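Participant: build the 3D model from these lines:
(chains A and B)
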Number of protein chains: 2
Amino acid sequence: MHTCDLLLAADYVLTQDHERHILEDAAVAVKDGLVAAVGKADEVRAAWAPARTLDMGGGMIVPGLINSHSHVSMTFLRGRADDLPLMQWLTEHIFPVEARLTPEVARMGALLGFAEMLRTGTTACLDMYLFEEQVLDAARTAGIRCMGGEVTFMFPSACCAGPEEALQRTRAMAERYAGHDRLSVCVSPHAVYTTTPDILSRCRDLAEELNLPLHIHLAETASETEQCLSLFGKRPIPYCADLGLLSPRATLAHVVDVTDEELELLAQSGAVVAHNPSSNMKLASGAARIPAMLQRGIPVALGTDGPASNNRMNMFTEMGRAALMHKLSGGDPTVFSAQEALDAATLGGAAALHAPGLGQLVPGAPADLAVLSLREPHMLPMYNAVSQTVYAATGMETRLTMVAGEILYMDGAFTRFSYDDLLREADSLRRWTLGRA
Amino acid sequence: MHTCDLLLAADYVLTQDHERHILEDAAVAVKDGLVAAVGKADEVRAAWAPARTLDMGGGMIVPGLINSHSHVSMTFLRGRADDLPLMQWLTEHIFPVEARLTPEVARMGALLGFAEMLRTGTTACLDMYLFEEQVLDAARTAGIRCMGGEVTFMFPSACCAGPEEALQRTRAMAERYAGHDRLSVCVSPHAVYTTTPDILSRCRDLAEELNLPLHIHLAETASETEQCLSLFGKRPIPYCADLGLLSPRATLAHVVDVTDEELELLAQSGAVVAHNPSSNMKLASGAARIPAMLQRGIPVALGTDGPASNNRMNMFTEMGRAALMHKLSGGDPTVFSAQEALDAATLGGAAALHAPGLGQLVPGAPADLAVLSLREPHMLPMYNAVSQTVYAATGMETRLTMVAGEILYMDGAFTRFSYDDLLREADSLRRWTLGRA
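Facilitator: Numbering: from 1, shown residues only, chains lettered A, B, ... in the order given. Okay, here's the model as predicted:
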């Protein structure tokens, strides 16, 4: 009989292990922040003596979902402007407010977004924004796993005088969080049209020097391609390939406008694609060629993008919409199955965050998980746990969210921060934004 | 000072009145099942003496959403089979079970689906299925507003020996529910490829004789068009027009495969289109030309279709997906705005159910409404109540659902039936289905 910290029992455990086992009447033993055992409840109970037992009857344990492309601070702009042409939306509603962004607004916006993530079963994210140090501070407050990068532009931002400062901040954050359990840092050039070849090369060099992942928006729209062609004489993916940016350390957000040859380049590179179905639909960017990527073995993750273009930070929403949009755009109902959507939101996310232990509930993996209620009417009857997770669940069935063995949300209560204070802060965010209009 | 039954106060009331007023610090007075007054909370309080007051601080009152195309009993098959080619899905997984359907399974499946609707702010639906008498019985149990029709095929169903019996049952139901407050009946020929010209003519005649609406699947896929052309020498919409089926009494589900000329036919006819975005995406039926319909003044409603092809009965899901899919398919982020999506789910639904008082909170309208919590992290900050309702809300924010002034769901509890019993029935549905596999 081994000891463990917690034994969590439920009707189902969706393991996402190599064989995608789904266990019925099952349990997860948690010890020192890791999964110690997963199996039939009676076997786990017989083998492990827990300090605490949580019986989540009527529940299903799933790996924590991973949001592989976010701008979580932008939660402060949720619903501020919708249904507009991209440039009008950016230049009239987003950029003017971002130009006056403060560290405190970035921190409060991030905490509100992290609350939404935890409330809806997301345990990790890959984030890029201004004032990313405040985002990581908010992640520390919330307890969520976060890889963050200070967005690097060729022009000044509210946070940085220019790319040099953004990279300095990236280096300082990387030193600060080296070896941290939940927080980590990557290099985050914004995009090909907001940087120069020199800036991208320096980003690549810094990532290699510090052995950090690199996170960039790439090939998001046809107009990005046109811009890249006119500025640099190449389409975005060959341009980045020639600069040495496409490598196993890269996570590429969007990747909508690609040719077959570019898919081959991506497949050879080892880079991960972070697909953002809601954002690509809402901004009319197009349908990313995700099924073609999967056929070529390109690792695919899912992300929400910023809540100003979504307007949620909810990975259940992304799984369902991804599965549906690719059936529609491919004209084939067998495309991008529920299992592929779940894989992208779990194992694909682990690839995007360059944290291969995440996204599955197997012995030795970090104990990052969520428990969904199966007692809501839309979660019944239960024929197929994967179908229910991807097509029926909204995320709001989440009863418990755990990161590294620590319960961060349970049955309406956040454990790490005062939600009442956060409600007040959300109102102050609103007043701040309206004051900048 | 007038008396009323209930005064419901909240942070916002989304009226959906003619000017689409959104009221802050507002209240709704309810009397005899109708909205007696809507206005600023202090003014409503000053004018009305309620028997009961409900202060939903931190909440938003919205008109109850209307599901304009459902097969609610099919909830018993939710998640039974996904990601399959349409014919394989139908012939291997749906038809064999439906062939052995029993009245009791139809009733239990419907009650489970109605529970999901009420849980997610839907107060009315337009339903078509086998054993529709049992569906209406379940609607009576749940208290939801439902217009139902016995599906009419050219072949026998588990319920009816043939079309004659389906029409007899329709006539009997229409007599039974004549003048009923919440339950009503329509004529429901299944589709052009499952009926004959003679059957459709008899459906039209019955609808005219009894002054009933007519609800039919129409122009759902390109293969339906091919079939209709080969059987009857016409595309589905001209075929139905020539049979006199396109009229203001018709609600046409899907209408995906249409030409410009057919849109003109529809616009002239006064028929209502019930658009099913999730189903059209999941089955890869295509993107209905909803923006083109709106431009021509065709009334557009939203529906879930059956939960076997969705897999939800959640109108918040449909509003969000509709807005996003039309931006994607139109390549334009300004297409099908949040307001248009909300209009389709409320006022469009009223048109689809031929119940023009529904879908808005104005004096004299039926008191069909929902209250959404604004205290969930994803409902903050609040800049725009319509954006929040369509793009942020999942439906699970619903704290209260009311039909005809009667609270049917509030804070986790259904008022009309035992939810514990329903959970057990859902399990028996599962065992029944698995026993038929």
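Participant: work out for me the element A:D198 sits within.
Facilitator: In this assignment (DSSP states H and E), A:D198 forms part of helix A:197-210.
Participant: and that helix, what's buried?
Facilitator: Across helix A:197-210, burial judged by 16 or more other Cβ atoms under 10 Å in any protein chain shown covers A:I199, A:L200, A:R202, A:C203, A:R204, A:L206, A:A207. No exception for glycine: its C-beta is placed from N, CA and C like everyone else's.
Participant: helices or strands up against that helix?
Facilitator: For helix A:197-210, the packing partners by 3 or more Cβ pairs under 8 Å, 6 or more residues apart in numbering or on different chains; DSSP states H and E come out as helix A:163-177, strand A:188-189, strand A:214-218.
Participant: what's the angle from the first one to helix A:197-210?
Facilitator: Computed with axes from the mean of the first three to the mean of the last three Cα atoms, to 10 degrees, the direction of helix A:163-177 lies at 10 degrees from that of helix A:197-210.
Participant: what comes up buried for helix A:163-177?
Facilitator: The neighbour-count check on helix A:163-177 (16+ other Cβ under 10 Å) flags A:P163, A:A166, A:L167, A:R169, A:T170, A:R171, A:M173, A:A174, A:Y177 as buried.
Participant: quick check: phi and psi on the residue nearest the centre of chain A?
Facilitator: Closest to where the C-alpha atoms of chain A average out (Cα atoms, centre = their mean) is A:N67, at 1.4 Å. The phi and psi values for A:N67, taken as degrees, to the nearest 10, are phi -90, psi 110.
Participant: what of A:H326?
Facilitator: Torsion angles, degrees, to the nearest 10, at A:H326: phi -80, psi -30.
Participant: do the same with A:D257
Facilitator: Per-residue torsions, A:D257: phi -100, psi 90 (degrees, to the nearest 10).
Participant: could I get the buried residue list for the regular element (helix or strand) spanning A:D11?
Facilitator: Applying DSSP H and E as the criterion places A:D11 in strand A:2-14. For strand A:2-14, burial by neighbour count (16+ other Cβ under 10 Å) applies to A:C4, A:D5, A:L6, A:L7, A:L8, A:A9, A:A10, A:D11, A:Y12, A:V13, A:L14.
Participant: just the C-alphas of that strand, formatted as CSV.
Facilitator: Taking C-alpha atoms only, strand A:2-14 is exported to CSV below (Å, rounded to 0.1, in the frame of the first residue of the first chain):
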residue,chain,number,x,y,z
HIS,A,2,1.5,3.3,-1.2
THR,A,3,0.5,6.7,0.2
CYS,A,4,-0.8,9.5,-2.0
ASP,A,5,-2.1,13.0,-1.5
LEU,A,6,-5.5,12.6,-3.1
LEU,A,7,-7.6,9.9,-4.6
LEU,A,8,-10.1,11.2,-7.1
ALA,A,9,-12.8,8.8,-8.2
ALA,A,10,-15.4,9.3,-10.9
ASP,A,11,-17.7,7.5,-13.3
TYR,A,12,-15.2,7.8,-16.2
VAL,A,13,-11.6,8.7,-16.7
LEU,A,14,-10.7,9.9,-20.2
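Participant: any residue of that strand touching chain B?
Facilitator: No. Strand A:2-14 stays out of contact with chain B when judged by Cβ under 8 Å from any Cβ of the partner chain, the minimum separation being 11.1 Å.
Participant: which other helices and strands contact that strand?
Facilitator: The elements that strand A:2-14 packs onto, with contact taken as 3+ Cβ pairs under 8 Å, 6+ apart, are strand A:22-31, strand A:34-40, helix A:41-47, strand A:48-63, strand A:369-373, helix A:385-387.
Participant: quick one: contacts of the first one?
Facilitator: So the one you mean is strand A:22-31. Residues outside strand A:22-31 that contact it (Cβ atoms under 8 Å, 6 or more residues apart in numbering or on different chains): A:2-15, A:35-42, A:44-45, A:47-48, A:50, A:61, A:361, A:367, A:369, A:385-386, A:402, A:405.
Participant: where along the stretch 301-437 of chain A do the strands fall?
Facilitator: A:369-373, A:398-403, A:406-410, A:413-414 (DSSP state E, counting those that start in this stretch).
Participant: just the angle between the second one and strand A:369-373, please?
Facilitator: Between the axis of strand A:398-403 and that of strand A:369-373 there is an angle of 180 degrees, by the same axes, to 10 degrees.
Participant: just the pLDDT for A:D5.
Facilitator: For A:D5, the pLDDT comes out at 98.
Participant: could you do A:A437 as well?
Facilitator: 74.
Participant: quick check: residues of the stretch 151-300 of chain A near chain B?
Facilitator: Contact residues, the stretch 151-300 of chain A versus chain B (Cβ under 8 Å from any Cβ): A:S278, A:N280, A:M281, A:K282, A:L283, A:A284, A:G286, A:A287.
Participant: re earlier: turn the helices and strands packed on strand A:2-14 into TSV, including mean neighbour count and mean pLDDT.
Facilitator: Below are the helices and strands packed on strand A:2-14 laid out as TSV (neighbours: other Cβ atoms under 10 Å in any protein chain shown; pLDDT from 0 to 100):
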stretch	mean neighbour count	mean pLDDT
strand A:22-31	22	98
strand A:34-40	20	98
helix A:41-47	16	98
strand A:48-63	19	98
strand A:369-373	26	98
helix A:385-387	23	98
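Participant: figure out which of these is closest to B:R436.
Facilitator: Proximity to B:R436, assessed across the helices and strands packed on strand A:2-14 by Cβ to Cβ, is greatest for helix A:385-387 (18.4 Å).
Participant: what about A:A106, which helix or strand?
Facilitator: Per DSSP H and E: A:A106 is located in helix A:103-119.
Participant: right, I'll leave it there.
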